[in-house]
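J.: test case, fold it:
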Amino acid sequence: MVNQSLVALTNSVLGTGKSTARGNKAYRCPYCNHHKPKLEINFTENKQGHNPWHCWVCDKKGKRLYQVFKQAEASSDKMSELNSIVKYVGPDTKVESSEVVELPKEYKTFEDLNTSDVEGRQALSYLKSRGLTKNDILKHNLGYCAYGQYAKMIIIPSYDVNGVLNYFTGRSFLKDPYMKYKNPPISRDIIAFELFINWNLPLILCEGPFDALSIKRNAIPLLGKSIQSNLMKKIVTSSVEKIYIALDKDAQKQALTFCERLMNEGKKVYLVDLQDKDPGEMGFNNFTKLIQETYPITFSGLLEKKLFL
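T.: Okay, here's the model as predicted:
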């Protein structure tokens, strides 16, 4: 059934639409500003509450009208009205978790490190070998454990937007460890490093915490090779426009899936070719240069990469 309230609201933002097939309407596209109404919007919501749209001139497309309204510079009142009319439901819907995350009781920071603390000095030496600075260590509250469940491991905490611990990762600082990584037995459906993310700037998605630490700016570690539902929902509904996906070569299939989904949401997506190295191995300067030389992927480019995967 056509959502007439949504039609009326869209008309008030984009101007009166021209009726097409199946209750759809066409408008002047706020992306390419073509003089004819070539942006077609489906006002019959699907099961996920989506209203797919597509411009037949510039090929911009998406599933939700949030991006269209934003591009058209709709007022905050119009955006609020849109949120009240369209209730997005689907796999990204979050059920709030009551899990309480605590750092290991053996966790120590580097602030009080003394010459007799052998493990602490080993841990600090390891961090420096990964290209991390004193500022990086203090900013992210990095620490270590000399013994316990996370013995001989760097502890990398993650904090949510309110500064509350929502996860942590243990990484051995030994040369040939029996166990390289150890994570707490809690859900990873969180937004890692959210405290340091500016949702108005280009976003970089990478695999692990050390990748994000090496990138040093607006990078979210996926804590694996998948975008968890809460992170996907946040990206889709945020004002971030440019997203760089920097996953290892063995995760290219997942990376292409992420590209397609985010492009369908109206985001400009850049697929970063890490050339068999991770951001930490590349170093900050080389990774920055690679980012600058990466162009946004198109739907035709996406199809080509899928065919030759």
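
J.: pLDDT weak spots in the chain?
T.: Counting by pLDDT under 70, the chain contains low-confidence residues at 48-49, 87-99.

J.: how about T115: what's its closest non-neighbour residue?
T.: In space, and not counting its chain neighbours, T115 is closest to R121: 7.7 Å by Cβ to Cβ, 6 or more residues apart in numbering. For glycine as for every other residue, the C-beta is placed from the backbone atoms N, C-alpha and C.

J.: what about that neighbour, how many residues nearby?
T.: If you count neighbours by other Cβ atoms under 10 Å, R121 ends up with 15.

J.: before we move on, what about E260?
T.: Per other Cβ under 10 Å, the neighbour tally for E260 reads 16.

J.: try L174
T.: 15.

J.: still on that earlier bit, buried sites along the host helix or strand of the residue nearest to T115?
T.: Using DSSP states H and E, R121 maps to helix 118-129. By neighbour count on 16 or more other Cβ atoms under 10 Å, the buried set for helix 118-129 is 119-120, 122-124, 126-127.

J.: got the residues you listed as a markdown table, with distance to V13 columns?
T.: Compiled in a markdown table, the buried residues of helix 118-129 are given as follows (distance: Cβ to Cβ, whole Å):
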| residue | distance to V13 |
| --- | --- |
| E119 | 60 |
| G120 | 58 |
| Q122 | 59 |
| A123 | 54 |
| L124 | 55 |
| Y126 | 53 |
| L127 | 50 |
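
J.: from the residues you listed, which two are the most distant?
T.: Greatest spatial distance among the buried residues of helix 118-129 (Cβ to Cβ): E119 and L127, at 12.8 Å.

J.: can you pull the contacts of G131?
T.: Contact analysis of G131 by Cβ atoms under 8 Å, 6 or more residues apart in numbering lists 214, 280, 283-284.

J.: please repeat the previous calculation with a cut-off of 10 Å.
T.: G131 makes contacts with 210, 213-214, 216, 279-284, as judged by Cβ atoms under 10 Å, 6 or more residues apart in numbering.

J.: before we move on, what SS does V240 have?
T.: coil (DSSP: H, G, I helix; E, B strand; the rest coil).

J.: and for the helix holding R121, what are the contacting residues?
T.: Taking Cβ under 10 Å, 6+ apart as the rule, helix 118-129 contacts 108-110, 112-115, 117, 132-134, 136-137, 142-147, 151-156, 171-175, 210, 213, 280.
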